[in-house]
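**Student:** predicted model, plus sequence, below.
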Amino acid sequence: MKLLNYRILLRKEPGGGYTVIVPSLPGCVTYGDTIEGAIKMAKEAIELYIESLKIHGEEIPTEEDTLEYTLTIQSHA
């Protein structure tokens, strides 16, 4: 069994809860009422996404060659 790591992005929603996006897995988006719940849902969504890729014989994306950087820009809006 191979361990895979995926970054997740949690966005707080105006109406409450958190939307979770998995950048390396296109379309892998979920939601949770709390941060803990959102993380739990993200783990389940990632597992199901990878299971579907395996069933369809598709390549499983990894983040091995992914670099992360945060840019700060000045806006005059």
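**Tutor:** Here it is on my side, so go on.
**Student:** count the neighbours of Lys54 for me.
**Tutor:** Close neighbours of Lys54, defined as other Cβ atoms under 10 Å, add up to 10. C-beta here means a position set from N, CA and C on the backbone, and glycine is covered the same way.
**Student:** I meant Met41, not that one.
**Tutor:** When neighbours are defined as other Cβ under 10 Å, Met41 has 18 of them.
**Student:** OK, contacts around it?
**Tutor:** Shown in contact with Met41 (Cβ atoms under 8 Å, 6 or more residues apart in numbering): Val20, Thr30, Tyr31, Gly32.
**Student:** do I have it right that Leu9 meets Leu25?
**Tutor:** No - between Leu9 and Leu25 there is no contact under Cβ atoms under 8 Å: 11.7 Å.
**Student:** those two: which is more packed in?
**Tutor:** Set Leu9 next to Leu25 and count neighbours by other Cβ under 10 Å: Leu25 wins out with 18 against 12.
**Student:** show me what contacts the more buried one?
**Tutor:** Applying Cβ under 8 Å, 6+ apart, the residues near Leu25 are Tyr6, Ile46, Tyr49, Pro61.
**Student:** and the furthest pair within those?
**Tutor:** Ile46 and Pro61 (10.7 Å; Cβ to Cβ).
**Student:** residue farthest from the centroid of this protein?
**Tutor:** In the chain, His76 marks the outermost C-alpha relative to the chain mean, sitting 30.9 Å out by Cα atoms, centre = their mean.
**Student:** ok but that one is inside a strand, no?
**Tutor:** No - secondary structure of His76 (DSSP: H, G, I helix; E, B strand; the rest coil): coil, not part of a strand.
**Student:** if we can go back for a sec, which one of the contacts of Leu25 sits closest to Thr70?
**Tutor:** Of all the contacts of Leu25, Thr70 sits closest to Tyr6, with 18.0 Å by Cβ to Cβ.
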